[in-house]
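> Provided below are the primary sequence and the corresponding predicted coordinates.
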There are 2 protein chains.
Amino acid sequence: MGRWEPDARGRLEQAALELYAAQGFDQTTVAEIASHAGLTERTFFRHFADKREVLFGGGALADGLAAAVDAAPESQPPLDAVIAALESLSDFFEERHTHAQRRQKVIAANPSLQERELIKLASLSTAMAGALRRRGVTEPAASLAAETGVAVFKVAFERWLDDARKRTLAQHIRESLDELRTVTAVPRRSTKRA
Amino acid sequence: MGRWEPDARGRLEQAALELYAAQGFDQTTVAEIASHAGLTERTFFRHFADKREVLFGGGALADGLAAAVDAAPESQPPLDAVIAALESLSDFFEERHTHAQRRQKVIAANPSLQERELIKLASLSTAMAGALRRRGVTEPAASLAAETGVAVFKVAFERWLDDARKRTLAQHIRESLDELRTVTAVPRRSTKRA
DNA sequence: GTCTATAGGGCGATAGAC
DNA sequence: GTCTATCGCCCTATAGAC
């Protein structure tokens, strides 16, 4: 047994989410979070670059997605590789549905958290675009495939979050991809869709 | 002639861009910007919500894009309406090529400015998605069309910024849209998805 | 226009693990 | 001894309150 309770980082994340949800992000001070976790303000900043970052777990997702794209079958078209990588997150999120809802509500209530969320999503896109280029996809196709995939994911994630019918995230991703393909299809002629 | 020099806002924008470019964003204080514009710190914050916002002109672009989508021919498919709206920005930017380059370089050097840039782009997407819904496009098609359009714009804008051959922004948008359509086209066969 | 809380960075001290 | 996690205190600039 060490001098400190284990998992300082996890405790900070937990305390932060609870306080942000209960009082709002702006109304919560770092000192408060730290004290709820039995730590000091200074230690908080050792683990997280700023007050927002505590909700965004680091670059693990981006790394995982890049690896998944790297591992995709050689012949797989870029967008399909990206979508498959994103679908592979489904299991991870499936068991965190309520946590994700809670977290999303906090983010939705604060613009500066939305900014952070967007740059995290952009980093997913950047990571996957890099992986695509590694497998020979040229620009701008690589960036477009990655960004499009993330747009699909974003829509799918939202719908998954408030899906009463409990379909999986992967299913929502499939559906959104189909929608995307309808939307980007070259209009044959005066193809008006309501 | 009034009591004050005219265009306080413009002078603040100008001073900020120059100082950010010369010394870096973090190394520049609001007091410094204000003093270069012959104003006080307090006045800066009456014009701009925060230190970042001075680079992002306000919601004019989003409003213009929404209006352009509203004005599109009734029969025009969603993505085409979005792309047409974005192309309509071409003239505006064409005369600001060097200013845009300078500004982009400042933003590229600072993550918090990148966050702000992303939320501004997202607001363009939101505005256009709203306009699409007004013309009867349903979700998630409206959001997907708007987000996809913005992804195309983003890629096109970057390429336009460092295009030695001086093609117009509109031309780059066309090209990127073609690329997008290639990327999202349903692969003809051996469509294996993991 | 003035006042103030807090984010967040710098630097050094401490104390346990190895 | 080194390495690493934690804490303490100082500081400034942002940004909101009054």
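Now that the structure is in, tell me what you want to look at.

> Is there proximity between the helix or strand where residue A:129 lies and chain B?
Here residue A:129 sits within helix A:111-134, counting by DSSP states H and E. Yes - for helix A:111-134, a contact with chain B is found by C-beta under 8 Å from any C-beta of the partner chain, at A:111, A:114-116, A:118-119, A:122. Quick note: C-beta positions are derived from backbone N, CA and C, even for glycine.

> Reformat these into a markdown table and put neighbour count and pLDDT next to each item.
Listed next are the residues of helix A:111-134 next to chain B as a markdown table, based on neighbours: other C-beta atoms under 10 Å in any protein chain shown; pLDDT from 0 to 100:
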| residue | neighbour count | pLDDT |
| --- | --- | --- |
| A:111 | 13 | 92 |
| A:114 | 16 | 95 |
| A:115 | 22 | 94 |
| A:116 | 23 | 94 |
| A:118 | 20 | 96 |
| A:119 | 19 | 95 |
| A:122 | 20 | 97 |
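
> which element is the closest residue to residue A:20 other than its chain neighbours on?
Counting by C-beta to C-beta, 6 or more residues apart in numbering or on different chains, residue A:106 is the residue found nearest to residue A:20 once chain neighbours are left out, at 4.7 Å. In this structure, residue A:106 is located in helix A:97-108 according to DSSP H and E.

> That helix packs against which elements?
Contacts defined by 3 or more C-beta pairs under 8 Å, 6 or more residues apart in numbering or on different chains; DSSP states H and E place helix A:97-108 against helix A:8-23, helix A:111-134, helix A:141-161.

> Return the most buried member of the ones you listed.
helix A:141-161 (a mean of 24; mean count of other C-beta atoms under 10 Å in any protein chain shown).

> immediately after that helix, which helix or strand?
helix A:169-184.

> so which residue of chain A comes closest to DNA strand C?
Closest to DNA strand C within chain A is residue A:50: 3.2 Å, counting by C-beta to the nearest atom of the strand.

> what about that residue, how many neighbours?
12 (other C-beta atoms under 10 Å in any protein chain shown).

> Likewise for the one 5 residues further on?
When neighbours are defined as other C-beta under 10 Å, residue A:55 has 20 of them.

> Check residue A:188 too.
Neighbours around residue A:188, by other C-beta under 10 Å: 6.

> That one in helix, strand or coil?
coil (DSSP: H, G, I helix; E, B strand; the rest coil).

> and stretch A:23-34, is it in reach of chain B?
No - counting by C-beta under 8 Å from any C-beta, chain B is not contacted by stretch A:23-34; separation bottoms out at 13.5 Å.

> could I have the helix holding residue A:106 exported to CSV, CA atoms only?
Extracted in CSV, the C-alpha atoms of helix A:97-108 (Å, rounded to 0.1, in the frame of the first residue of the first chain):
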residue,chain,number,x,y,z
HIS,A,97,-24.5,4.4,-22.8
THR,A,98,-25.7,6.2,-19.7
HIS,A,99,-22.2,7.6,-18.9
ALA,A,100,-22.1,9.0,-22.5
GLN,A,101,-25.5,10.6,-22.1
ARG,A,102,-24.5,12.3,-18.9
ARG,A,103,-21.3,13.5,-20.4
GLN,A,104,-22.9,14.7,-23.6
LYS,A,105,-25.5,16.7,-21.6
VAL,A,106,-22.7,18.5,-19.8
ILE,A,107,-20.9,19.3,-23.0
ALA,A,108,-24.1,20.5,-24.7
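
> how far out from the middle of the chain is it?
12 Å (C-alpha atoms, centre = their mean, to the nearest Å).

> What's the mean pLDDT across it?
Mean per-residue pLDDT for helix A:97-108: 96.

> Specify the angle between it and helix A:169-184 in degrees.
Using axes from the mean of the first three to the mean of the last three C-alpha atoms, to 10 degrees, the inter-axis angle of helix A:97-108 relative to helix A:169-184 is 50 degrees.

> what is the orientation angle of helix A:97-108 with helix A:111-134?
Going by the same axes, to 10 degrees, helix A:97-108 makes 110 degrees with helix A:111-134.

> Give me the buried positions along helix A:97-108.
The neighbour-count check on helix A:97-108 (16 or more other C-beta atoms under 10 Å in any protein chain shown) flags A:100, A:103-104, A:106-107 as buried.

> who's in contact with the host helix or strand of residue A:62?
Assessed by DSSP H and E, residue A:62 sits inside helix A:60-70. In this structure, residues lying in contact with helix A:60-70 by C-beta atoms under 8 Å, 6 or more residues apart in numbering or on different chains are A:81-82, A:84-86, A:88-89, A:120, A:123-124, A:126-128, A:130-132, A:134-135.

> rerun at 10 Å
Applying C-beta atoms under 10 Å, 6 or more residues apart in numbering or on different chains, the external contacts of helix A:60-70 come out as A:59, A:76, A:78, A:81-82, A:84-89, A:92, A:120-132, A:134-135, A:137, A:142, A:145-146, A:149-150, A:153, B:194.

> And that helix, what's buried?
Those would be A:61-62, A:64-66, A:68-69, for helix A:60-70 by 16+ other C-beta under 10 Å.

> which element follows that helix toward the C-terminus?
helix A:78-87.

> Next, the angle helix A:141-161 makes with that following helix.
Going by the same axes, to 10 degrees, helix A:78-87 makes 40 degrees with helix A:141-161.

> Up against DNA strand D, what does chain A have?
Within chain A, the positions near DNA strand D by C-beta under 7 Å from any atom of the strand are A:4, A:8, A:34, A:38-40, A:42-43, A:46-47.

> Correct me if wrong: residue A:27 contacts residue A:20.
Yes - Residue A:27 lies in contact with residue A:20 (C-beta atoms under 10 Å); the separation is 8.8 Å.

> ok, so what distance separates the spatially most central residue of chain A from residue B:67?
In chain A, the residue lying closest to the centroid (C-alpha atoms, centre = their mean) is residue A:121, at 5.7 Å. For residue A:121, the distance to residue B:67 equals 28 Å [C-beta to C-beta, to the nearest Å].

> Fine by me, thanks again.
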